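S.K.: here's my sequence, what's the structure:
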Amino acid sequence: MEFFGCFDSAIGSNDSLSKIEKFQYLKSLLSPPSYNVVAGFELNEKNYDSCLELLKQRYGRTDFIINSYMSKLLNLKPVRNSSHVKSLRRLYDEIEVNIRNLRALNVTEGSYGHLFNPLLLKLLPQDLVLDFHRGRSKDKNCKVSEIMTFLRNEVESREICESVMSNPKSSETKRTFSQNYQNGQTYQRNYLKPKNVSTAATLHTQVKSICIFCDSANCHDTVNCKVLDIEQKINKLKVERRCWNCFKKNHMSRFCKSVIVCKRCSSKFHYESVCRKNIKPINSTLNASDRRTESESNSNNSPLVSNKNVDNISVSHNNVSAKNKAFLQTCSIYACSDKRSALTNAILDSASHKSFISAKLVKALNLKIIRFEELAIYYFGQTTAHKKRYPVICLQLQSRHDSSKVYKLEALVIEIISNLSLNSPDLSTLRKLKEKNIQLADSFENEIPVDILVGSDSFWDIVYDEKIRVTDNIWLINSCFGWLLGGVGKGNNSDESCQNVCLVMDSSFILFDLSKFWEIEEFPNETRGLSERDVQLIRNFENNLEFNGQRYVCKLMWKENMGPPIGLDSNYEVAKSVLILYAIN
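M.R.: Numbering: from 1, shown residues only. Reported below is the predicted structural model:
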């Protein structure tokens, strides 16, 4: 009921949103098993009302909700010591919340008070129960409200007493590990009091912060040093005989008493800044074989990026003047997986060989990796290729104007698509297009990030042949997601920006794999790898093969030293004797 109330106040009662958009928000906020109830519904207005009704029937039943609140009251954790004020406050808040929720469902205290009163008293410490019975009237029946009033007064009184009697200077005597760790001082636990030092010495100790790696003072902490790389840091720790975990001298990391765990590999024997293991990839949906492949590649220290000289280079770029803006062919669409969806911007670029998607969107949609693919990337102005292995995912692109228009896309996962701020046309151009009832594919909202780039492998399946001239330099191209605006013209953005895109794929490794298909099926025409006996058999077969005008004829292949006229036994005499015997009979 709490979810339905929040959803209705924020989204359900918002008249500026259509039912399809409300349905999209509803599906994005649900999680299994409640998501499984509406997973099979298509995005349309009728199904939105049906899904709400179905969810309320499944999870909005009053009897189930009452049982849930009563179960929480019966399973509360008791407090055994009255000096634990925080535990008493927690117990009071939990009881009060559940009682008020039951009261909102028209469940009065009289219906469950006789059962809950002894259970509630068992949750309190013994001295509080004694004080409660000592102060109450014995002629009246015990009520839940009476116990709650007593508990509230006790908790408030103890909180006031605790705040008055607490020592404000006690917190100053505690030393945290992070301060000692960063300043290179000896580790000291919180319950140990530091030695008394003078004010000047204390001030000097607090100000001094020297990095043990680069010896810089008051610039950065030791744990955040980026002047040296990991190997240089490790070498310096070895030379100075420091611990790899706390960076202190005269002990090893396996004998270190600190409880710090590396955030990258969860090791207890070194700190994160000297961890040799690479940062975990963002795509956490790799299967077991993929993880094994990645770990083997890391263990062998074989980089995925290699250089290769090429002869053919293709570069595509645009020069935009300061007065005009270049409008890329962009669209605002819904990126959908099996269970999730998100509104994002996509760039349609026919100069790109492949389609790409940002790792942030892959993680948000929980997309699964279907395979890996290797590409050779040529950056702008360079003549060398950088080969890299990318994961490939599959998702669906849905139009924000018509939910029935869905396109299935395979894309390569990269860190980020573009940091470019997309240009939008001026208000007069948008007003003119709106008067003509033209549905633009892009909403031109800069708050929506660009997380998808559609390359030439899918560009011509999305874009239609129909186009309209808006001005001399601005065109509209129709697509399955709406009209794409492209060209050069006046824009609304005040900042000047330009972006060049250059991407070339080296397909040599693909041709090498394809050649295996016909090499396996083809009869070997080389004697490489064959023994002398096999070569002799092939030669004898070719020499004894003849064509008699109708078919090919080949003699039997005899074993060595077993061919005619010697070596093989003949049954001629046996057959002849049997024939004579039957003839005599």
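S.K.: what's the weakest-modelled helix or strand in the chain?
M.R.: Least confident element among the helices and strands of the chain, by mean pLDDT, DSSP states H and E: helix 199-207 (a mean of 41).
S.K.: ok, longest strand in this structure?
M.R.: strand 384-399 (DSSP state E).
S.K.: output the contacting helices and strands for that strand.
M.R.: Judged by 3 or more C-beta pairs under 8 Å, 6 or more residues apart in numbering; DSSP states H and E, strand 384-399 is in contact with strand 307-309, strand 330-336, strand 369-377, strand 406-414. Every C-beta, even on glycine, is put in place using the N, C-alpha and C of the backbone.
S.K.: tell me the strands beside that strand, with direction?
M.R.: With DSSP bridges as the criterion, the sheet partners recorded for strand 384-399 are strand 307-309 (antiparallel), strand 330-336 (antiparallel), strand 369-377 (antiparallel), strand 406-414 (antiparallel).
S.K.: closest to Asn571 out of those?
M.R.: Closest to Asn571 of the strands paired with strand 384-399 is strand 369-377 (C-beta to C-beta; 62.4 Å).
S.K.: circling back to that earlier point, just the strands paired with strand 384-399: most buried one?
M.R.: Highest mean neighbour count of the strands paired with strand 384-399: strand 330-336, a mean of 23 (counted as mean count of other C-beta atoms under 10 Å).
S.K.: how many other residues sit next to Ile424?
M.R.: Careful, residue 424 is Ser and not Ile. By other C-beta atoms under 10 Å, 20 other residues sit near Ser424.
S.K.: once you drop chain neighbours, what's closest to it?
M.R.: Distances taken as C-beta to C-beta, 6 or more residues apart in numbering place Phe444 nearest to Ser424, at 3.9 Å, with adjacent residues excluded.
S.K.: which residues touch that neighbour?
M.R.: By C-beta atoms under 8 Å, 6 or more residues apart in numbering, Phe444 lies in contact with 422, 424-425, 430.
S.K.: biggest separation within these, which pair?
M.R.: Leu422 and Leu430 (14.1 Å).
S.K.: that older thread, and the residue nearest to Ser424, helix, strand or coil?
M.R.: Classification of Phe444 using DSSP: H, G, I helix; E, B strand; the rest coil returns coil.
S.K.: that one and Lys434: what is the separation?
M.R.: In this view, Phe444 and Lys434 are 12 Å apart by C-beta to C-beta, to the nearest Å.
S.K.: over to Leu545?
M.R.: Applying C-beta to C-beta, the value for Leu545 to Lys434 is 80 Å.
S.K.: burial of Glu532, as a residue count?
M.R.: Using other C-beta under 10 Å, Glu532 is surrounded by 8 other residues.
S.K.: please begin residue numbering at 861 from this point
M.R.: Happy to do that; since the first residue is 861 now, the last one works out to Glu1392.
S.K.: just the pLDDT at it, thanks.
M.R.: At Glu1392, the model reports a pLDDT of 81.
S.K.: could you check how far it is from Lys1415?
M.R.: For Glu1392, the distance to Lys1415 - C-beta to C-beta - is 21 Å.
S.K.: now do the helices in the stretch 1111-1260 of the chain.
M.R.: Remark: helices assigned in the stretch 1111-1260 of the chain by DSSP state H, counting those that start in this stretch are 1148-1159, 1219-1225.
S.K.: and the stretch 861-1010 of the chain, by the same measure?
M.R.: Taking DSSP H, counting those that start in this stretch as the criterion, the stretch 861-1010 of the chain carries its helices at 862-867, 879-889, 894-898, 905-919, 922-934, 945-964, 973-982, 986-995, 1004-1025.
S.K.: nearest to Gly1315, out of the ones you listed?
M.R.: Gly1315 sits nearest to helix 879-889 of all the helices of the stretch 861-1010 of the chain, at 26.5 Å, using C-beta to C-beta.
S.K.: now that closest one: how far from the chain's centre is it?
M.R.: With C-alpha atoms, centre = their mean, to the nearest Å as the basis, helix 879-889 stands 22 Å off its chain's centre.
S.K.: next one: stretch 1340-1350
M.R.: On the basis of C-alpha atoms, centre = their mean, stretch 1340-1350 sits 31 Å off its chain's mean C-alpha point.
S.K.: how about the CA coordinates for that stretch, as CSV?
M.R.: Output in CSV follows, covering the C-alpha atoms of stretch 1340-1350 (Å, rounded to 0.1, in the frame of the first residue of the first chain):
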residue,chain,number,x,y,z
CYS,A,1340,10.9,4.0,-37.8
PHE,A,1341,11.4,6.2,-34.7
GLY,A,1342,10.2,9.5,-36.3
TRP,A,1343,11.7,12.2,-38.4
LEU,A,1344,15.4,12.7,-38.1
LEU,A,1345,16.7,16.3,-38.3
GLY,A,1346,20.1,16.8,-39.9
GLY,A,1347,22.2,19.5,-41.5
VAL,A,1348,23.6,22.9,-40.5
GLY,A,1349,21.7,25.9,-39.2
LYS,A,1350,21.0,28.2,-36.3
